[in-house]
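**Q** below are the sequence and a predicted model; questions follow.
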Amino acid sequence: MQFRQQALAKLQSPEELDLPVRFARPQGWLVLSVTVVVMAAASVWAVTGSVSSTVGAPAILTHGQGSYILQSPVAGQVTAVLAKQGQQLKAGAPVLKVRTAEGETVVRTVAAGRVTGLAATIGQIISTGANVAAIEKVARTGDPLYATVYVPAENAASIPDKAAVDLTVSSVLTQEYGVLRGHVKSVDRSAQSAQQIAAFLGDSQLGEQFTKDGRPVAVLVKLDRRSSTESGYKWSSADGPPFSLTSMTMADASIRLADERPVDWLLP
């Protein structure tokens, strides 16, 4: 109790009234100034700035018209395989010879394209409607490649027209040659089934692979051209890989979505 009385007496004593008031130190003013500047810059950025976001999805390099599965119109035994893997064929070109009870029948291409897969071998017995070849629909070997990206359906609506796309190509060393550049050409707003994807790519396994997490939306990406590179396309590195790209090459795509105002998600 004695100490309490002494403390109260000291507070009531006027002996220190003539002492100067201590203001903030220079270091304190510096901290306050920096804080004010940072808060002002953050406020300006929140109103005028933007935040970029991306969506990642699997992709495959193709020609724009896709592929088709060539099926045998007859049942019988394969006596000759007339086409080769990778061969460019015209519409109506012979692919197989099949011996039937009525004689020998030639199985021909429906449309011009490049053979990406042969499922029939000499001596094999096939039934009517059996898959015998996969043909990529491309008229000329020099036709440009596109990338088809299979994006989750919930992200399709946020993809703007001509959005920038970076593609990490499976056959290219990213650390050395970088990523392939492109821009969105079109977005198919309807989700695709495994059967639809398989029909476009000419491969049922790819149809299952691209739909394992649900039915995606197909986004067609036009690859940026650059004549100075060996591939003929633009890369994040100056020269890109020292070889050309081929269709049906797998890739991982990163699509830039529409920019968002920071104030939209900073404020409740």
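**A** Ah, there it is.
**Q** all strands of this protein, in order?
**A** For the chain, applying DSSP state E gives strands covering 54-62, 67-71, 76-81, 88-89, 94-100, 103-108, 113-118, 125-126, 131-136, 146-152, 164-169, 180-187, 216-223, 249-256.
**Q** possible to save the ones you listed as TSV with mean pLDDT?
**A** As requested, the strands of the chain are exported to TSV (pLDDT from 0 to 100):
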stretch	mean pLDDT
strand 54-62	93
strand 67-71	90
strand 76-81	96
strand 88-89	90
strand 94-100	96
strand 103-108	95
strand 113-118	89
strand 125-126	96
strand 131-136	91
strand 146-152	95
strand 164-169	97
strand 180-187	96
strand 216-223	95
strand 249-256	95
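**Q** now do the buried residues in stretch 64-78.
**A** Applying a neighbour-count criterion of 16 or more other Cβ atoms under 10 Å, one finds 66, 67, 68, 69, 70, 71, 72, 74, 76, 78 buried in stretch 64-78. C-beta: built from backbone N, CA, C; applies to glycine.
**Q** do the same with stretch 217-226
**A** 217, 218, 219, 220, 221, 222, 223.
**Q** what of stretch 111-120?
**A** Of all the residues in stretch 111-120, those buried under the rule 16+ other Cβ under 10 Å are 111, 112, 113, 114, 115, 116, 117, 118, 120.
**Q** before we move on, what about stretch 143-151?
**A** The neighbour-count check on stretch 143-151 (16+ other Cβ under 10 Å) flags 145, 146, 147, 148, 149, 150, 151 as buried.
**Q** again, but for stretch 246-260
**A** Buried, per 16+ other Cβ under 10 Å, within stretch 246-260: 247, 248, 249, 251, 252, 253, 254, 255, 256.
**Q** okay, and the beta partners of the nearest residue to residue 164 once chain neighbours are set aside?
**A** Once flanking residues are discounted, residue 164 sits nearest to residue 256: 4.6 Å by Cβ to Cβ, 6 or more residues apart in numbering. Applying DSSP bridges to residue 256 gives these bridge partners: residue 54.
**Q** just put the buried residues of stretch 217-226 in a markdown table and tack on distance to residue 166.
**A** Listed next are the buried residues of stretch 217-226 as a markdown table, based on distance: Cβ to Cβ, whole Å:
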| residue | distance to residue 166 |
| --- | --- |
| 217 | 19 |
| 218 | 18 |
| 219 | 13 |
| 220 | 16 |
| 221 | 10 |
| 222 | 14 |
| 223 | 11 |
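**Q** so which of these comes closest to residue 98?
**A** Residue 98 lies nearest to residue 218 out of those, by Cβ to Cβ, at 34.3 Å.
**Q** how about the closest one: which residues does it bridge to?
**A** Listed by DSSP bridges, the beta-bridge partners for residue 218 are residue 150.
**Q** who touches the residue lying closest to residue 248 once chain neighbours are set aside in this structure?
**A** Leaving out its chain neighbours, the residue that sits closest to residue 248 by Cβ to Cβ, 6+ apart is residue 116, at 5.8 Å. By Cβ atoms under 8 Å, 6 or more residues apart in numbering, the contact set of residue 116 is 67, 85, 86, 134, 135, 136, 202, 247, 248.
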